[in-house]
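# sequence and predicted structure, then a few things I'm wondering about:
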Amino acid sequence: MLFQKFKRFTLKHLLSSFLILFYFSVATTSYAAQESNNMPNSANSPIVKDTFEWQFMVDLSLVDTQILLTDVEQTELWDYFQLGLLLDMSYKGFFIQTNSRRSSTALGSAEFGYQITVQKDWQLDIILKAYINGYSPDEIIKDQEQDIPELAGLNDRNPAGGIALRYSHFFDDAIFYIDVAAAHAIDDGQDDDATGVIIDSFYSYLLPYRNWDIYFGAGLTYYDQALVDYYIGVDADEVSSSRPLYNADSGFRAQLEIYAQYPLSQSWSFNTGITQSFYSNDIKQSPLVDKNKLTQFMVGVLYVF
Amino acid sequence: MYSSVCKGFALLVFTLFNLFVLLVKAEEIPVISADITFNVQPQQCVTLRQGRDCFATITILWQNQTAQTLCLYQVRNEPALNKEKLMCWSKSKKGQTSLEFESHDNLTYQLRTLKGDHLLAETEIVVSWLHKKTTRRRRWRLF
């Protein structure tokens, strides 16, 4: 994600979400209906779309993360803890999945999609998801131990949702996918929104070692100028003595990642991972940003219902 | 700030410790001969995905009231019944060994007499999994 979450979930909200989802997950006893759903695609190549399956997981992690915005750091206990509610569900080609582990936003990180075509080695989906989380400068400053004049009085940045075409290619122990998305930052009625293209690609290689799954990942993402400018640009009405006018250019993000999972029991797994992100150098020219390299580390447990 | 982090870390360690205690909890071993104790630990091997090989180092310990030559067998039921002799102890009252377990199916371990091939004790190591086999191909991505 381009920008880290800034609206902190309270424990109360997280627990409420957890209890509601826990109720619905235990109230339903069927795990998966293993019916086959073969739909002809062409004369000789039937495609098999996902049948009804679901899986609900709860993830409790300790996360050490850096944030792009100037002088913003993790300060509170709950900044380090993430409770993730992960739901995967599919039916006749439609699916919801939260396997991108942005657990701090709970189910807000889910992808809703439809499998246009599924072939042996590749797949084409249409996806609806939140690509960029917004942030509220005033809320951020409240949580910080020092004042941040670069962010004080800045307008809120809303999340950007997008509709994308996703091409996935499957290898024996690897997957590559690329999303071409039209993203739009939600208009809050202040005539201050943005629309642009995001091209997000990721390659993940699985190395099984005994009972461990070790994933090596690399990603490259392109963000349209309008979107980058919306999140880290400074408009004329936002200029202050600490915050000059700034128009941002388009940007890139490269990522390297290692993620490992180990089963502790039939319901619990141990998970750990580290991601290194490199953003375009240009973004540091924004008065709102003071770094373009982020290291994020997580360690935690996952409960599978 | 750092004291809060320490508290959080302690909570996580406590959770993991409780999980570990649950995992290592021993179970009663079915014994065919009342004169012999046959202990295999762990009794369960958990893999991440259904159908994948599960790995574990298992410890086998037996004790008998009379000295006998006994042999340890590994019995695989799938895809066909296959009984493999792993080792024997010559005229002993007790024996111990460690083995590397690798299987995607349950395996049975048997203790049999060398002479007459009588079954004295057996136990099964159950292979279970966290994620059920699915047609969906997951895309793990951390941040």
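Nice, I can see it.

# only C-alpha atoms from now on, for both contacts and neighbour counts.
Noted.

# helix/strand/coil for A:Lys120?
Remark: A:Lys120 carries the secondary structure label coil [criterion: DSSP: H, G, I helix; E, B strand; the rest coil].

# neighbouring contacts of the longest strand belonging to chain A?
Taking DSSP state E as the criterion, chain A has its longest strand at strand A:194-209. Contacting residues not belonging to strand A:194-209 are listed as A:173-186, A:213-227, A:230, B:139-140 [Cα atoms under 8 Å, 6 or more residues apart in numbering or on different chains].

# how about stretch A:139-156?
A:6-7, A:70-76, A:134-138, A:238, A:242-243, A:287-288.

# just the buried members of the residues you listed?
Neighbour-count burial (16 or more other Cα atoms under 10 Å in any protein chain shown) is assigned, among the contacts of stretch A:139-156, to A:6-7, A:70-74, A:76, A:134-138, A:238, A:243, A:287-288.

# what comes up buried for stretch A:225-237?
Buried, per 16+ other Cα under 10 Å, within stretch A:225-237: A:225-235.

# adjacent strands (with direction) for the longest strand of chain A?
strand A:174-185 (antiparallel), strand A:212-223 (antiparallel) (DSSP bridges).

# report the buried residues of that strand.
Buried-residue list, strand A:194-209, by 16+ other Cα under 10 Å: A:194-206.

# return it as CSV; C-alpha atoms alone will do.
Extracted in CSV, the C-alpha atoms of strand A:194-209 (Å, rounded to 0.1, in the frame of the first residue of the first chain):
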residue,chain,number,x,y,z
ALA,A,194,-8.6,12.2,-7.6
THR,A,195,-8.8,9.5,-10.2
GLY,A,196,-5.9,7.6,-11.8
VAL,A,197,-4.4,4.4,-12.9
ILE,A,198,-2.6,2.0,-10.6
ILE,A,199,-0.6,-0.9,-12.1
ASP,A,200,0.3,-3.4,-9.4
SER,A,201,2.3,-6.5,-10.0
PHE,A,202,3.6,-9.1,-7.6
TYR,A,203,5.6,-12.3,-7.9
SER,A,204,5.6,-14.9,-5.1
TYR,A,205,7.7,-18.0,-4.9
LEU,A,206,6.9,-20.7,-2.4
LEU,A,207,9.7,-22.7,-0.9
PRO,A,208,8.4,-25.5,1.3
TYR,A,209,10.9,-26.6,3.9
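
# returning to what we had before: now tabulate the strands paired with strand A:194-209 in CSV and tack on mean pLDDT and mean neighbour count.
Shown next, in CSV, are the strands paired with strand A:194-209 (pLDDT from 0 to 100; neighbours: other Cα atoms under 10 Å in any protein chain shown):
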stretch, mean pLDDT, mean neighbour count
strand A:174-185, 94, 21
strand A:212-223, 96, 20
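
# okay, these in CSV with distance to A:Met89 next?
Formatted as CSV, the strands paired with strand A:194-209 follow (distance: least, Cα to Cα, whole Å):
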stretch, distance to A:Met89
strand A:174-185, 20
strand A:212-223, 22
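
# quick one: closest of those strands to A:Leu62.
strand A:212-223 (18.9 Å; Cα to Cα).

# off-centre distance for the closest one?
Centroid separation for strand A:212-223 versus its chain: 12 Å, with Cα atoms, centre = their mean, to the nearest Å.

# got the contact list for that strand?
A:196-208, A:250-263, B:48, B:140-141.

# same check, this time on stretch B:48-64
A:210-213, A:262-263, B:35-42, B:45-47, B:93-105, B:127-133.

# wait, A:Lys129 sits on A:Arg166?
No. In this structure, A:Lys129 is not within contact of A:Arg166 by Cα atoms under 8 Å, at 11.6 Å.

# the two - which one has more neighbours?
Taking other Cα atoms under 10 Å in any protein chain shown, A:Lys129 and A:Arg166 do not tie; A:Arg166 has more neighbours (22 against 19).
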